[in-house]
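> just coords:
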């Protein structure tokens with residue numbers, strides 16, 4: 001007799017439930033094995049192997065599929081969180097009513113602006129930091145907010161820009177560390193790209209060609225790569241080799257369409273010698289923006305083009321958040337700069353900003369007043385042969401009809417008995433209207449079908465392909 005003693009010290013109730021379900025199921029299989037062994041030795045051994053294999057595959061899929069996003073305590077209750085940044089060992093976030101910082105990974109928040117230039121009809125959309133602890137924030141109502149003492153006091157910083165319509169919305173904010181310059185762009189009626197040294201009193205308008213002078217050349221994103229600066233507008237792309245004083249509009253091929261969005265943060269990145277842009281997918285340029293190639297493989301799960309709402313690079317991994325009317329609003333990650341992508345689930349609504357801080361991934365989701373932190377652990381156990389999932393016919397040779405116990409966005413995945421994903425698609429499930437899957441290209445054998453919704457609820461069932 002082999003006695004296994006297992007001591008588990010877990011705080012998370014979901015992981016406790018996972019562990020309990022796992023060992024309960026394992027003991028059930030062992031009990032059946034012991035009871036049936038004397039009846040038919042060979043058949044019992046074969047059956048037990050199949051049960052353990054199927055259960056192991058389900059457990060593996062649960063571990064990889066059910067990583068979850070957990071909301072942290074409210075930043076500013078009832079007012080959405082926007083841009084997230086990690087800076088000087090602190091986590092910062094902008095909201096509709098100010099800028100907040102946290103020294104304990106988002107468990108508590110300190111109000112840095114203390115009501116300065118605060119309005120429920122406004123929002124602070126993006127924050128940047130200079131090398132001298134100055135902070136700049138672009139807003140939808142007040143233009144630019146500036147702090148020259150790391151957030152202790154604040155001023156409205158719009159001298160030299162002029163009026164930008166009724167909202168005074170700043171369209172971008174960017175800090176060029178090499179030349180110690182801050183850039184911003186303004187829309188109607190003061191169309192233009194402006195720059196200044198952080199401590200200067202007035203902004204200076206860039207007078208170079210058409211950059212920023214109309215809605216078509218209005219700048220939304222900027223990035224530095226080596227000694228060059230790049231600026232992206234709606235179907236326009238510019239390059240500067242003198243620190244942003246003069247600009248050249250580039251003739252580009254394969255340029256991402258619709259690059260402007262008030263909600264996006266850092267969708268133009270420089271990684272090594274290449275540029276990456278988020279738009280209707282993730283695009284890459286290896287020649288300073290002259291040509292662009294889409295690298296996200298349509299994010300595997302999508303039919304049609306999602307819209308990338310945020311991107312972040314932590315030095316090892318590239319993250320891209322998507323917004324889609326036809327699929328879950330997932331965050332995707334790649335460790336090889338776009339060759340292979342995997343999804344990290346969703347917080348429900350789409351992410352407007354993503355960052356990494358203290359080896360954790362944080363996201364702010366549209367309309368939420370909490371910041372979310374990614375939990376890579378399992379949150380439950382998947383048991384095969386769920387009664388909530390209906391499939392027919394089974395065995396299947398061509399088309400499989402699938403229905404489940406919920407309505408709405410659903411990811412449908414098929415795994416073989418080694419845990420390899422062989423099919424993945426998105427469907428808008430309806431309880432009374434089955435979704436149809438084409439299995440004509442799947443090799444005969446046993447598989448596991450898994451359905452997952454936006455709330456990370458899952459249902460599974462074993463299927464046989466003939």
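All right, it came through fine. Bear in mind that the values here come from a model prediction, so they are computed numbers and not experimental data.
> Which residues are in contact with residue 294?
The contact partners of residue 294, taken as Cβ atoms under 8 Å, 6 or more residues apart in numbering, are 254, 256, 281, 282, 283, 284. For the C-beta atoms, the positions are set from N, CA and C on the backbone; glycine is no exception.
> pLDDT below threshold where in the stretch 151-300 of the chain?
163-167, 257-266, 298-300 (pLDDT under 70).
> ok, 50 please
164-166, 262, 300 (pLDDT under 50).
> Please, where are all the strands along it?
Secondary structure of the stretch 151-300 of the chain (DSSP state E, counting those that start in this stretch): strands at 155-156, 170-176, 181-186, 192-196, 204-205, 219-225, 228-233, 236-240, 248-249, 268-271, 274-279, 281-285, 293-294.
> can you tell which of these is closest to residue 372?
Proximity to residue 372 (Cβ to Cβ) singles out strand 274-279 among the strands of the stretch 151-300 of the chain, at 19.2 Å.
> picking up where we left off before, list buried members of the contacts of residue 294 by neighbour count.
Among those, those buried by neighbour count (16 or more other Cβ atoms under 10 Å) are 256, 281, 282, 283, 284.
> how far away is the first one from residue 308?
From residue 256 across to residue 308, the span is 9 Å (Cβ to Cβ, to the nearest Å).
> Mutual contacts of the two, please.
The contact lists of residue 256 and residue 308 share 278, 279, 280, 281, where a contact means Cβ under 8 Å, 6+ apart.
> quick one: which of the residues you listed has the most company?
The member of the shared contacts of residue 256 and residue 308 surrounded by the most neighbours (other Cβ atoms under 10 Å) is residue 278, with 27 neighbours in all.
> For residue 221, see how far away that residue is.
Using Cβ to Cβ, residue 278 is found at 9 Å from residue 221.
> Kindly report the same for residue 132.
From residue 132 to residue 221 the distance is 24 Å (Cβ to Cβ).
> neighbour count winner among these two?
residue 221 (25 against 10).
> can you give me the helices in the stretch 1-150 of the chain?
13-36, 41-65 (DSSP state H, counting those that start in this stretch).
> care to break the protein down by domain?
1-66, 70-375, 384-466 (automatic domain parsing).
> Out of those, which is the most enclosed?
domain 70-375 (a mean of 19; mean count of other Cβ atoms under 10 Å).
> What is the end-to-end distance of that one?
7 Å (Cα to Cα, to the nearest Å).
> Relative to the whole chain's centre, how far out is that domain?
Averaging C-alpha positions (Cα atoms, centre = their mean, to the nearest Å) puts domain 70-375 14 Å from its chain's average.
> Let's see the pLDDT reported for residue 368.
pLDDT, residue 368: 88.
> residues contacting it?
Residue 368 neighbours (Cβ under 8 Å, 6+ apart): 71, 80, 81, 347, 348, 349.
> end to end, how far does stretch 183-200 reach?
12 Å.
> whoops, stretch 114-134 was the one
Span of stretch 114-134 from end to end, Cα to Cα: 17 Å.
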